[in-house]
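[1] task: produce atomic coordinates for the following.
(chains A and B)
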Amino acid sequence: MSVVGLGTANLGTVGLDYAAPLRAVDEVSIDRDAGHLGTSARCVVRVDKTVSGHDPYMAGHFPGLTMLPAVFLLEGLRQAADVALRPAGEDQVELLWVRSARLLAPMLGGERIRTEAEIEPVAAGQPGQPGRPRWSVRAVCTRADGTRVATLAVVVGQPDEEAPRPAADGPGSDARFTDGLLDPGGPPVADHARIRALLPVRHPTILVDRVDAVEPGRQIRTAKVVTASEPCYRGLPEGLPPRAFAYPRTLALESFGQSAALLWLYTTAAARAGQGPSGVGPRHRRAPGEATTGGAGFDDLLMLAVIRDCRFTGTVHPGETLRHVVRLERLAGPNAFLAGEIWADRRRVATVDSLLAVSRAAR
Amino acid sequence: MTAPSTTPPAGLAAVKATIPHRHPIQLVDRVLEIVPDQRIVTVKAVSGNEPCYVSVPDGATEADHAYPAALLIESWCQSAALLSAWSRPADELADSVALFGGMSEVEVLAPVWPGDVVRHEVRVTRVVGETWIFEGAATVGDVPVLAVARVMTTLRPAWVLSGAPA
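    This next block holds a predicted model:
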């Protein structure tokens, strides 16, 4: 294979021209096959990112313990793919499909994470490739000490044009689902203050605004609205096209994950019923890093371990409401298997086939 | 039901192209309906991770998470600014600023919480030269959260404020 090295680009100070939670890539270097990067090209991309509590959204993840959310590895992969693949003047590259993401070790503040990714076009006829070009990206992420922290397999590309939004976007844009999936009339099950008391994340990383319904052990329905004054819309250049304001898919996925954590906490609380009227998560103290024996308590860190088969099917813009429906499929000691969908008003914008979360003592 | 709009819904890109407000005081997310020089319907979603919630301490109650009334009114006024600027040419917009001359009988009727999507309705009641007078309301679902009897804006060249003609 004849390889053209494009050298290393330091992107730490380069502004993004689309909404993103953070600059998830400090440096990226691209080795690609000779020839222009069309739909037949393959390339190898190396990405470096130092975990920093000063990055947007990192202050709240978590107070006193900076830890890179797993979804920001996916964001880094997407940003690197955007650098490698996007022709000038075209729409940004988005995550279309997370085939699998396995998180093997935590990524703490100050650690430098190296991601080595192979990008190749998805051949016609394979799943996940209607219309516009798509690329398969397989990546291994390691810490400086050589510890493997994650393996990722995703499909990226520019999303296909969506059908026009439902007319219900008009009067009462906060439209309810026509299929009866969600009826947010009436007070929420948990308001923002309650959610804050339950989740260890803090501003601006609390990505659930409201719990609309919960059946412990089974299902939760939550809402997160998207607005222009969130950090991901800060500092964008002028004159961007509408597509640039799409809500970052990795933040939507993080919001889904936080909803999954809430379901798990409610489930644990129900299992320990009798320990207080609304006593979610009695304060257990465990040694740091010790796996819990069952359920999830208030002081435990609920960590994303595996995502399998998460497909993004729609784009969400400011003024719209993300609605998560998360189901608990199986609970096995410190492991919870969850699945669900993300909706925006009446459109389904993502499906998550399987998400494995593990509970570990935080402090 | 309201009358049909003359312009399809427009997102943040169009909002930013029309009024000068920017993050973090960009308080209109989307235009749902507009009849230039007459009326506009916009939305502003309120989320717990906006800057106004950054210093809410742990243990705060839900009452502490009510969206600030000043920002709610500002969001309504930005909708009014969008309405008055919508059909003006870009070069004219670039050189002028909309100043709020006064407001009367602005009533906050109910609190707005994180997770709510506020719908603003603004109507023009009078135009005198460069001075516009608006009225309207804001709702969350079926609940009225803001009533505005009179807001006056006037368009002035930017150099009047900065003190130096461009």
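[2] which residues of chain B fall in helices?
    B:12-18, B:69-85, B:90-94, B:158-162 (DSSP state H).
[3] send the alpha carbons of the first one over as CSV?
    Going back to what we said before, that points to helix B:12-18. The C-alpha trace of helix B:12-18 is given here as CSV (Å, rounded to 0.1, in the frame of the first residue of the first chain):
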residue,chain,number,x,y,z
LEU,B,12,-31.4,28.9,14.5
ALA,B,13,-29.5,29.7,11.3
ALA,B,14,-32.2,32.1,10.1
VAL,B,15,-32.6,33.5,13.6
LYS,B,16,-28.9,34.3,13.8
ALA,B,17,-28.9,35.8,10.3
THR,B,18,-31.7,38.2,11.3
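[4] against which helices or strands is that helix packed?
    strand B:30-35, helix B:69-85 (3 or more CB pairs under 8 Å, 6 or more residues apart in numbering or on different chains; DSSP states H and E). Quick note: C-beta positions are derived from backbone N, CA and C, even for glycine.
[5] mind checking if the last one is in reach of chain A?
    No: for helix B:69-85 and chain A, the contact criterion (CB under 8 Å from any CB of the partner chain) is not met; the two come no nearer than 8.8 Å.
[6] what are the ranges of the strands in the stretch 1-150 of chain A?
    Assigned by DSSP state E, counting those that start in this stretch, the stretch 1-150 of chain A shows strands spanning A:3-10, A:27-33, A:43-50, A:94-103, A:112-121, A:134-143, A:148-157.
[7] now the first one: mean pLDDT?
    The predicted model assigns strand A:3-10 a mean pLDDT of 48.
[8] need the helices of chain B in a markdown table (columns: mean neighbour count).
    Shown next, in a markdown table, are these (neighbours: other CB atoms under 10 Å in any protein chain shown):
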| stretch | mean neighbour count |
| --- | --- |
| helix B:12-18 | 20 |
| helix B:69-85 | 22 |
| helix B:90-94 | 11 |
| helix B:158-162 | 12 |
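[9] where among those is the average confidence lowest?
    Among those, helix B:90-94 carries the lowest mean pLDDT, at a mean of 73.
[10] and the helix or strand of chain B with the lowest mean pLDDT, what does it pack against?
    Ranked by mean pLDDT, DSSP states H and E, the weakest helix or strand in chain B is helix B:90-94, scoring a mean of 73. On a contact count with 3+ CB pairs under 8 Å, 6+ apart, helix B:90-94 meets no helix or strand.
[11] CA atoms only: put that helix into PDB for me.
    Provided in PDB are the C-alpha atoms of helix B:90-94 (Å, rounded to 0.1, in the frame of the first residue of the first chain):
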ATOM      1  CA  ALA B  90     -29.100  42.400   5.500                       C
ATOM      2  CA  ASP B  91     -26.900  45.500   5.000                       C
ATOM      3  CA  GLU B  92     -29.500  47.700   6.600                       C
ATOM      4  CA  LEU B  93     -29.600  45.300   9.600                       C
ATOM      5  CA  ALA B  94     -25.900  45.300   9.900                       C
END
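[12] quick one: closest of the strands of the stretch 1-150 of chain A to residue A:344.
    Among the strands of the stretch 1-150 of chain A, the nearest to residue A:344 by CB to CB is strand A:94-103 (14.8 Å).
[13] need the longest strand for the chain.
    The chain I'm using is chain A. strand A:347-361 (DSSP state E).
[14] look at chain B instead
    strand B:143-157.
[15] how about residues contacting it?
    Strand B:143-157 is contacted from outside by B:72-73, B:76-77, B:80-81, B:84, B:95-112, B:118, B:120, B:122, B:125, B:130-139, B:165, using CB atoms under 8 Å, 6 or more residues apart in numbering or on different chains.
[16] direction included, what does it pair against?
    Sheet pairing here is set by DSSP bridges, and for strand B:143-157 it gives strand B:96-108 (antiparallel), strand B:131-140 (antiparallel).
[17] relative orientation of the last one and helix B:69-85 in degrees?
    This means strand B:131-140. 130 degrees (axes from the mean of the first three to the mean of the last three CA atoms, to 10 degrees).
[18] how about residues contacting strand B:131-140?
    Against strand B:131-140 from outside (CB under 8 Å, 6+ apart): A:174, B:72, B:75-76, B:80, B:83-84, B:101, B:110, B:112, B:116-127, B:144-155.
[19] the longest one too?
    The contact list for strand B:96-108, computed with CB under 8 Å, 6+ apart, reads B:19-20, B:69, B:72-73, B:77, B:81, B:84-85, B:131, B:145-158, B:161.
[20] ok, 7 Å please
    B:69, B:72-73, B:77, B:81, B:84-85, B:131, B:146-158, B:161 (CB atoms under 7 Å, 6 or more residues apart in numbering or on different chains).
[21] please apply the same query to stretch B:26-36.
    A:169-170, A:173, A:227-229, A:317-319, B:2, B:5-7, B:9-12, B:14-15, B:21, B:40-45, B:71, B:74-75, B:78-79, B:82-83, B:86-87.
[22] tell me the pLDDT of residue A:126.
    56.
[23] ok, now residue A:177?
    On the pLDDT scale, residue A:177 gets 43.
[24] circling back: just so I know, which of the strands of the stretch 1-150 of chain A lies nearest residue A:187?
    strand A:94-103 (34.3 Å).
[25] that closest one pairs with which strands, parallel or anti?
    Here, using DSSP bridges, strand A:94-103 pairs with strand A:148-157 (antiparallel), strand A:300-312 (antiparallel).
[26] weakest of these by average pLDDT?
    Minimum mean pLDDT among the strands paired with strand A:94-103: strand A:300-312, a mean of 91.
[27] buried ones in it, by neighbour count?
    Residues A:300, A:301, A:302, A:303, A:304, A:305, A:306, A:307, A:308, A:310, A:311, A:312 are the ones in strand A:300-312 that count as buried (16 or more other CB atoms under 10 Å in any protein chain shown).
[28] could you dump those residues to JSON lines with distance to residue A:138?
    Formatted as JSON lines, the buried residues of strand A:300-312 follow (distance: CB to CB, whole Å):
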{"residue": "A:300", "distance to residue A:138": "32"}
{"residue": "A:301", "distance to residue A:138": "28"}
{"residue": "A:302", "distance to residue A:138": "27"}
{"residue": "A:303", "distance to residue A:138": "23"}
{"residue": "A:304", "distance to residue A:138": "19"}
{"residue": "A:305", "distance to residue A:138": "19"}
{"residue": "A:306", "distance to residue A:138": "16"}
{"residue": "A:307", "distance to residue A:138": "15"}
{"residue": "A:308", "distance to residue A:138": "15"}
{"residue": "A:310", "distance to residue A:138": "16"}
{"residue": "A:311", "distance to residue A:138": "17"}
{"residue": "A:312", "distance to residue A:138": "18"}
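[29] residue ranges with poor pLDDT in chain B?
    B:1-8, B:164-166 (pLDDT under 70).
[30] if I look at the residue of it most remote from its centre, how far off is residue A:196?
    Outermost residue of chain B with respect to the C-alpha centroid, by CA atoms, centre = their mean, is residue B:59; its distance is 31.6 Å. Residue B:59 is 9 Å from residue A:196, where distance means CB to CB, to the nearest Å.
[31] do the same with residue B:93
    For residue B:93, the distance to residue A:196 - CB to CB - is 40 Å.
[32] go on, residue B:13?
    32 Å.
[33] and for residue A:16?
    Distance from residue A:16 to residue A:196, by CB to CB: 29 Å.
[34] please identify the residues of the stretch 101-250 of chain A in proximity to chain B?
    A:169-174, A:188, A:191-193, A:203-204, A:206-207, A:209-210, A:223-230, A:233-234, A:240-242, A:245 (CB under 7 Å from any CB of the partner chain).
[35] may I see the PyMOL selection of the buried members of these?
    Under the burial definition 16+ other CB under 10 Å, those of those that qualify are selected in PyMOL by:
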select buried, chain A and resi 169+170+173+174+188+191+192+193+203+204+206+207+209+210+223+224+225+226+227+228+229+230+233+240+245
